[in-house]
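S.K.: Got a sequence here, can you build the structure:
(one chain, ligands or ions: 1)
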Amino acid sequence: MGKFVVQIIVKNVAKDFGKKKNAVHALKDISLEVEQGEFLGIMGPSGAGKTTLLDIISSNDRPDHGQVLIDDIDMTQQHDRELAKYRRRKMGFIYQSFELLDSLNVQENIILPLVLNHAPKKLIKQRVEHMNDLLNISELKNRSIDDLSLGQKQLIAAARALINNPEILFADEPTGSLDSKSATVLLNYMQMINQREKTTILMATHDAFTASYCSRVIFIKDGSVFSEIVNSGQRTDFFEQVINMQRTIGGGSYFNVPENN
Ligand SMILES: Nc1ncnc2c1ncn2[C@@H]1O[C@H](COP(=O)(O)OP(=O)(O)OP(=O)(O)O)[C@@H](O)[C@H]1O
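M.R.: Numbering: from 1, shown residues only. Alright, predicted model coming up:
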């Protein structure tokens with residue numbers, strides 16, 4: 001058995017948006033630990049606080065209260081410049097909104113994290129070819145971002161997030177715009193880098209199939225952790241467990257679970 005190293009500690013994190021009477025308590029009191037090499041799913045009804053939690057763990061946003069420790073570093077005590085450096089070196093992101101740059105073509109977008117890290121040209125070429133083959137996107141390389149379909153944009157965003165072999169990958173609805181075939185390709189790839197390269201993955205999703213690739217799923221509701229389930233190894237069984245927990249937690253049609261009747 002490998003040894004388990006806790007990589008991420010979230011302690012009593014709270015975050016409000018807005019002021020006083022109009023304040024939205026996005027996160028009320030969240031504590032959790034993530035081991036190095038985990039593939040953690042974050043689920044919960046719309047507005048539960050999933051994106052806010054990812055933003056705070058990845059230090060894109062600061063909590064009002066509480067702490068986030070990564071590799072024993074208290075991220076909440078670091079200056080913005082340090083955090084930006086840490087994100088660039090160690091983290092990869094697949095956001096819901098893709099955040100691709102229209103002024104650059106597909107290939108330029110994909111290699112951006114390596115260019116920003118001043119990676120050697122040879123390595124950039126190697127890595128981009130690897131990502132192109134893997135996600136089957138080589139014929140898109142000279143296209144402009146505006147011409148891509150939503151699903152193609154999502155794949156390009158995934159390629160960019162993964163190109164510098166991040167230690168921690170943050171993914172917010174990474175399969176939301178993909179057809180089931182492309183979703184499966186991306187999920188298999190995420191699972192592979194998780195298993196082979198021990199990349200820690202934190203992924204927010206509404207989709208039970210997508211979540212079934214995780215090693216553990218936490219459910220948040222109204223800004224707090226509601227429950228968690230652990231994958232014992234059978235993806236189809238885990239899928240059922242996810243569906244059952246979604247039913248228990250409720251959350252309306254957005255969750256897309258057929259009602260029992
Ligand atoms: N910048 C902001 N300003 C004001 N309110 C915000 C902001 N960001 C998030 N919120 C509110 O915080 C709460 C949590 O939002 P968050 O996006 O984290 O939820 P979510 O679980 O990711 O939802 P979804 O599944 O719909 O993406 C929501 O009520 C949301 O409206």
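
S.K.: Tell me where the stretch 51-200 of the chain has strands.
M.R.: When assigned using DSSP state E, counting those that start in this stretch, the strands of the stretch 51-200 of the chain occupy the ranges 65-70, 73-74, 91-94, 168-172, 200-204.

S.K.: Give me the sheet partners of the last one and which way each runs.
M.R.: Each strand pairing with strand 200-204, determined using DSSP bridges, is listed with its direction: strand 39-43 (parallel), strand 168-172 (parallel).

S.K.: between those, which one is nearest to the ligand?
M.R.: When the strands paired with strand 200-204 are ranked by distance to the ligand, counting by CB to the nearest ligand atom, first place goes to strand 168-172 at 7.3 Å. Yep, even glycine has a C-beta here, placed from its N, CA and C like the rest.

S.K.: for the residue nearest to the spatial centre of the chain, what are its contacts?
M.R.: Centroid check for the chain by CA atoms, centre = their mean gives Ala171 as the closest residue, at 1.7 Å. Contacts for Ala171 (CB atoms under 8 Å, 6 or more residues apart in numbering) come out as 93-94, 158, 161, 190, 201-204.

S.K.: let's see it at 7 Å
M.R.: For Ala171, the residues meeting the contact criterion (CB atoms under 7 Å, 6 or more residues apart in numbering) are 94, 201, 203.

S.K.: Kindly report the same for Ile201.
M.R.: Contact partners of Ile201, counting by CB under 7 Å, 6+ apart, are 39-40, 169, 171, 190, 194.

S.K.: do that again at 8 Å, thanks
M.R.: Residues in contact with Ile201, defined by CB under 8 Å, 6+ apart, are 38-40, 168-169, 171, 190, 193-194, 214.

S.K.: winner for burial among the strands paired with strand 200-204?
M.R.: strand 39-43 (a mean of 26; mean count of other CB atoms under 10 Å).
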